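K.L.:
fold the following, please.
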Amino acid sequence: MPDEHLDVYYDGTCDLCQTAAEAWRRGDFDGQLHLQPLQAELPAGSPDRGRLESEIHVRGRDGWQSGARAILAIYRRLPGGKLPALLLRLGIALGVADPIYHFVARHRAHLPARLLHLGRHR
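P.N.:
Below is the predicted model of the structure:
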């Protein structure tokens, strides 16, 4: 497991994004993730706000990543993230992860979090 933390910037006004961030927070037993809504103050050198609002971004030792690669970086940090990381790596290699991620990102305001089984059952 990497020994440096990963800054995760997500849309704090999006229910799906908040639910995903909370699931990652619960699974982050080693404190690897620093989850920040992008509406908070951003560090110097951040991508422009329009890019940040369009998809998830992470910042780690290797710089900024976004979209499916950002999600992959998150799952690589989580103790229970081996299978999701493997599937994402495969999806990226096959060229399907990015289009799927961008579709979900564009329509996230209309997708209930429970469709992705990320949230608590209500």
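K.L.:
check what pLDDT Pro79 gets.
P.N.:
On pLDDT, Pro79 comes in at 92.
K.L.:
and the pLDDT at Ile74?
P.N.:
pLDDT, read off for Ile74, is 97.
K.L.:
report the central residue of this structure.
P.N.:
Ile71 (4.2 Å; CA atoms, centre = their mean).
K.L.:
host element of Thr19?
P.N.:
Element membership of Thr19 [criterion: DSSP states H and E] is helix 15-27.
K.L.:
ugh, wrong one, Arg89
P.N.:
Using DSSP H and E, Arg89 maps to helix 82-94.
K.L.:
so which elements touch the helix holding Thr19?
P.N.:
Helix 15-27 sits against strand 6-10, strand 33-37, with contacts defined as 3 or more CB pairs under 8 Å, 6 or more residues apart in numbering; DSSP states H and E. C-beta: built from backbone N, CA, C; applies to glycine.
K.L.:
mind listing what's buried in it?
P.N.:
Of the residues in helix 15-27, Leu16, Cys17, Gln18, Thr19, Ala20, Ala21, Ala23, Trp24, Gly27 count as buried by neighbour count, 16 or more other CB atoms under 10 Å.
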